[in-house]
Structures are given as structure tokens and as C-alpha cells.
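Chemist: give me a 3D structure for the following:
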Amino acid sequence: MTRWHSSVSVCVLACAAVLQTINPPCSSPAVAGSPWHNVVRRTTNDRDEDLIRSLLLLRRFDDAETICREQIQRAVPTSDAAAKWAIRWSSVMTERQISKEQFDDADVSQAEQPVVELLSGYPNHRRKLFLQAQRVSVQHAAARHDVVIAAVSPANEKRTEAVFTRLARVTQRYRELATQVDAERAATDAGPTSLDQKNRSAELTRLQHELQVDIVSMALMQTELFPPDSRDQIASASKAEQAAADALLDLPTGSQAQKEIERLRIQAMILAGKLDQAGPSLVALIRASEQPTPPSLLAIQIQLHQLKNESSLAEKRLAEFYGSEPDEAPFSIEMDLVRLDHLIRQNDSSIGSWLTSIQRRNGDYARRRAEAISLAKLRSGGSSESIDPSIVAAQGKEWLRRDNPSRGGDLLAAAADAESDSQLALNYAMESAAALLKAQRVEDAASVLSRIAVAHPN
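Modeler: This is a model prediction of the structure:
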């Protein structure tokens, strides 16, 4: 199972990947015969993991934290169970924070706390490398949060530079941890042969593979900080493609990590404009994957149809997945975002309602990603893929009604920048400035008014 590009959430699968490297799955005291039994959606052979995922899908963070806290208190601190529940608890705290407006260093420290406390008390814990991996996963989630916030906020070089710095720092942490895992695995393999030794080596190998996935995903994430189809984005995508190609050399064919990195490589090729190469690679990956086609790969397939102006094929595959009731379709962030892109390309009147559906189906983080796509289309100007500024302005006003002036102000500012009608642009700018002032963002408020005054002098 992959760790970061998920139909559930970023951090839920980050936690799951770390946990799945620890064998065997622990028993299920939190589920069997408990009041939580009816909320569990079985997706793995680990009931506890399924329970926590189900609670997070329902946004029941307090319940999930309560279970984690109780279970870690019951576990022997040096046991695998203690490590698993510390990782789960950290994951829940991370998921909660992702839905908020910021994910700063203090928030990272708080989300890391369950694993930090276990490592502080037991620095030589048998699962210390897995606990350390969860710490970096929290930092990865914070970096992803920053990237999405930067995408929906007004241009700010200082903010963008800070995001680049954070991405570089997290990538370096992953590389350092991968080196430690490799050394530990070599030492394990050099020891006496036993069943425990073989299991330990296999677990470390899986963790090493997951870290390779993370490193490549960090490289691909950087592409989102550049304007679509710009030289900078193409160059960044080419670097991500090379990072994926390098990682694939060390992974066994057919492994879960190999398939995920190949998926990331295909995404990088698409961003680099290499559609003719991406197509055959995607076909090969789909053939090597389980059937029916996983939503994450189906989303890329539809994306390629759209980029090649094969709109009828894109519509056909979307219809097969969503049917007549899109809100009732299987949960998949990737597919929901591809459907949004399709609606924008068709200038469909349901764009706004689908943004709301994305949030209801996948949470606040997915909504932010959707808004980032909308703003990228908005900033593309008079192209056939551009979005009406009034749609983005309406979303901004919706956030104001929800008493979120910072987010609403950002969206209204983007609408003002893209609006060609001078009066509408000025109206959006004034609403944006008022919201940003309420959010105590004085410089941003002044900036939007100044930009619109220059762009629309009359």
C-alpha cells in the first residue's frame, strides 16, 4: 500500500505504510465486541487500522485519538503494539491538523509527540526506525499542506521560498533515514540466520521501499509551486522523472513500491509534456496492476484523454466510474479532482457544487487541492481551459460565510486578478481586502488593492 497519493487521505496511508512493515498485524481489541464495530469499513486484514481509517473518514478525530490513547496505555512500551499505536495516534493528529489553516513547526511537534515520547523513553526501541519514519511523515504532510496553501494564496516570493526550504529539509530527512535503514538491514542480514532475522530483514526492506516512494513524491511535489506548463514546471517535472527512474533501478519488478514510483514517473512525464511516452507507460502499468483499474491510474488515464483532446473517451470513463449519482461514487481524491478538471474544461455550471461535494467526500484538504486546480485554471487567462472568475469569487464568499476570512480573502483576490471587467474586479478586490484585514493580513490586503488599481486605472 502506498503512503501519499491516496483516496482516503495523505497521512492515513502514510501511517498505514509504516504499520504494514511491522509484522504480524496486532490483535483487534479496539474493534471486536466494542461500540466501534459498526463504523468499521474493512479494507485490510488489520481491524484496528480499518477502524482508525473509518473514524477519520467520518472526521471523528476525538474518537480516534481516544482509542489510540487508551490502546497505547495498555501496551507494553517496548512492544510492537506500542509502536503501532504511537504511529496511529500521530497519524490522527496529523490528519486533524491538515484540515486547518496552518501546519507550522509547533503543529508538527504536537503531531509528532506520541512517537517522540516513546522514543524518548526507549531510545533503542525495536521499532525506532519505523517511529522515526512517522516523524518524517508528519513533516511531509506539513510540507504538502504548505504547497497547497501556496497554490491558493496570492503570489508571495517569501512564502514560496519558505516552502522550497521545507521541501528540501524533509527530503534530506528521508535520505538520511533511508541510509540508516539500509545500514540496519545490512547488519541484520550479516547476523545468524533465523526466522526472526528473515522477518526483520523483510520489514526493513519494505520500509526502505516506502522511503524511496516518499523521496520521489517530494520531488514531484515541487512541480506544484510553478505555473502550469511554465519552463520552471517542466524543468522541475523532468527532475522528478529522473528521480523516479533512478529509484526504479533499486526496486524489484512487481513490488508495490515499484508500481507506485512508476505511477509518479508517469505523472512527471505528463507535467513535462511527454504525453507520447506517458501513454504506453501507463498502459503497461495498468496491465501489471489489479483489475478493475485502480482509481489512481484511471484518473491519469482520463487526464491523458483530456490532454489529447479525446473528450468523448474521458467522458465515457468518468460516466463508468460515477454513474448518475456522482456523490455516491467510490471515494477517490484523484478521480474527484479529474472530474473537476473535466467540468472546468466543459465550463459546466456544476463546478461550484462539485467543489462542495469534494469537501464532503474527502475533507478540507481535498477541497484545498480542488481550489488549487480551480485557481490554476483561473490564472491561465483566456485559454479554453480557463474558469469564470465569478465561480472562484463565489467560493471565496462561501468561506466568508463560514467565518474563514483568510481563505475567502485569498479566493476573492484571485478572482479580482483574473476579472476583466473593471467594476467587478474592484468589487472583488474590496471584498478581499476587507476579509484579509479581518484576518490581520494587512500587507496582503494593501497588495490586492494596489494590484487592481494598477490593472484597472479607470
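Chemist: please count neighbours and contacts with C-alpha atoms only from this point.
Modeler: Fine.
Chemist: list the buried ones in the helix or strand containing residue 158?
Modeler: When elements are assigned from DSSP states H and E, residue 158 belongs to helix 157-190. Going by neighbour count (16 or more other C-alpha atoms under 10 Å), the buried part of helix 157-190 is 159-160, 163, 166-168, 170-171, 173-175, 177-178, 181-182, 184-185, 188.
Chemist: with stretch 93-101 instead?
Modeler: Buried, per 16+ other C-alpha under 10 Å, within stretch 93-101: 93, 94, 95, 96, 97, 98, 99.
Chemist: what does stretch 114-131 give?
Modeler: Under the neighbour-count criterion of 16+ other C-alpha under 10 Å, stretch 114-131 has 114, 115, 116, 118, 119, 125, 127, 128, 129, 130, 131 buried.
Chemist: likewise stretch 329-344?
Modeler: Across stretch 329-344, burial judged by 16+ other C-alpha under 10 Å covers 331-344.
Chemist: from those, which is closest to residue 267?
Modeler: Closest approach to residue 267 among the buried residues of stretch 329-344 (C-alpha to C-alpha): residue 334, at 12.1 Å.
Chemist: could you measure that closest one against residue 86, distance?
Modeler: 29 Å (C-alpha to C-alpha, to the nearest Å).
Chemist: residue 183 too?
Modeler: If you go by C-alpha to C-alpha, the gap between residue 183 and residue 86 works out to 24 Å.
Chemist: one more: residue 156?
Modeler: 37 Å.
Chemist: what about those two, which has more around it?
Modeler: Ranked by neighbour count (other C-alpha atoms under 10 Å), residue 156 and residue 86 place residue 86 first, with 28 against 10.
Chemist: got a pLDDT number for residue 75?
Modeler: If you check residue 75, the pLDDT there is 97.
Chemist: give the full set of residues in contact with it.
Modeler: For residue 75, the contacting residues are 81, 82, by C-alpha atoms under 8 Å, 6 or more residues apart in numbering.
Chemist: phi, psi for residue 350 please.
Modeler: Per-residue torsions, residue 350: phi -90, psi 10 (degrees, to the nearest 10).
Chemist: how far away is it from residue 395?
Modeler: 13 Å.
Chemist: in terms of neighbours, single out the busier of the two.
Modeler: Between residue 350 and residue 395, counting by other C-alpha under 10 Å, residue 395 is the more crowded of the two (21 against 12).
Chemist: give the contact list for that one.
Modeler: Contacts of residue 395 by C-alpha under 8 Å, 6+ apart are 352, 408, 411.
Chemist: which of those lies closest to residue 236?
Modeler: Minimum distance to residue 236 across the contacts of residue 395 is 26.2 Å, recorded for residue 411 (C-alpha to C-alpha).
Chemist: what about the residue nearest to residue 296 when sequence neighbours are not counted, distance to residue 203?
Modeler: Leaving aside its sequence neighbours, residue 296 sits nearest to residue 334 (C-alpha to C-alpha, 6 or more residues apart in numbering; 5.8 Å). Residue 334 is 29 Å from residue 203, where distance means C-alpha to C-alpha.
Chemist: neighbours of residue 105, just the number please.
Modeler: Considering only other C-alpha under 10 Å, residue 105 is surrounded by 11 other residues.
Chemist: oh, that last question was meant for residue 225, not what I typed.
Modeler: By the criterion of other C-alpha under 10 Å, residue 225 has 18 neighbours.
Chemist: surely it touches residue 147?
Modeler: Yes. With contact defined as C-alpha atoms under 8 Å, residue 225 reaches residue 147; the gap is 6.7 Å.
Chemist: quick one: which of the buried residues of stretch 114-131 sit in helices?
Modeler: Counting by DSSP state H, those place 114, 115, 116, 118, 119, 128, 129, 130, 131 in helices.
Chemist: residue 177 reaches residue 133, doesn't it?
Modeler: Yes. Between residue 177 and residue 133 there is a contact under C-alpha under 8 Å: 7.3 Å.
Chemist: tabulate the contacts of residue 395 (CSV), appending distance to residue 254, pLDDT and neighbour count.
Modeler: Compiled in CSV, the contacts of residue 395 are given as follows (distance: C-alpha to C-alpha, whole Å; pLDDT from 0 to 100; neighbours: other C-alpha atoms under 10 Å):
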residue, distance to residue 254, pLDDT, neighbour count
352, 40, 86, 16
408, 45, 92, 26
411, 43, 90, 30
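Chemist: off-centre distance for stretch 436-451?
Modeler: 29 Å (C-alpha atoms, centre = their mean, to the nearest Å).
Chemist: in it, what counts as buried?
Modeler: Judged by neighbour count using 16+ other C-alpha under 10 Å, the buried positions of stretch 436-451 are 436, 437, 439, 441, 444, 445, 446, 448, 449.
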